[in-house]
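1. A predicted structure for the sequence below; I have some questions about it.
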Amino acid sequence: MTDEVLKAQAIQDPAATQNLIAIENARAERDRQLAELNGANRLRMLALAGVIALMGLAIVVMGVVAGTAFVVDKAGRLKLSWQPVGTSILTVVGGGLSTAAVWALKAWSIRRRAARAIAENPPENRTEGDQNQVGAP
């Protein structure tokens with residue numbers, strides 16, 4: 001039966017009224033339980049995502065440390081006119097400086113693109129295609 005038929009019967013019969021109240025209470029209880037399950041599942045999924053992210057971060061950090069140790073070890077074994085420790089230090093410092101240079105170049109490129117976009121679209125031209133021009137000539 002549909003809800004409308006149940007409501008029509010409940011108006012005419014007190015037993016149907018009790019039945020309708022029981023049905024509504026069961027629906028409310030089911031909805032409450034589903035909401036609790038959704039909240040618990042959401043919390044579990046968030047915890048699982050956090051654990052996976054931490055494991056991924058740990059793997060990346062271990063890879064970087066292992067890669068750095070490998071490169072420094074290989075650089076220290078080079079036959080150069082100075083000490084192997086100096087070669088290792090210069091390798092680490094040079095890697096840091098090259099990383100900083102790439103980062104700075106990327107930031108400069110982004111700023112340059114943003115400045116070019118602003119210059120190509122000056123403020124006086126921005127309202128030309130605006131459909132909501134209130135008081136515009």
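-> Cool, the structure landed.

2. In the chain, spot the helix with the most residues.
-> Looking across the chain with DSSP state H, the single longest helix is helix 14-76.

3. Just the buried residues of the next helix or strand after that one, please?
-> For helix 14-76, the succeeding helix or strand toward the C-terminus, using DSSP states H and E, is helix 84-120. By neighbour count, with 16 or more other Cβ atoms under 10 Å as the criterion, the buried positions of helix 84-120 are 87-88, 91. Where you see a C-beta, it was placed from the backbone N, CA and C, and this is true even at glycine.

4. repeat for stretch 16-23
-> 16, 20.

5. Check stretch 54-69 too.
-> Result for stretch 54-69 [16+ other Cβ under 10 Å]: no buried residues.

6. What lies in contact with that stretch?
-> Stretch 54-69 has contacts (Cβ atoms under 8 Å, 6 or more residues apart in numbering) with 92, 95.

7. Show me how far that stretch is from its chain's centre.
-> Between the centre of stretch 54-69 and the centre of its chain there are 21 Å (Cα atoms, centre = their mean, to the nearest Å).

8. That one - what's its average pLDDT?
-> Stretch 54-69 shows a mean pLDDT of 93.

9. if I pick residue 72, what's in contact with it?
-> Residue 72 sits next to 88, 91-92 when contact means Cβ under 8 Å, 6+ apart.

10. which one of those is nearest residue 3?
-> Distances from residue 3 to these, taken as Cβ to Cβ, are shortest for residue 92 (72.8 Å).

11. if we can go back for a sec, pull the distance from the longest helix of the chain to the chain's centre.
-> For helix 14-76, the separation from the chain centroid amounts to 14 Å (computed by Cα atoms, centre = their mean).

12. where does the chain have low pLDDT?
-> Applying pLDDT under 70 to the chain picks out residues 1, 6, 9-10, 119-137.
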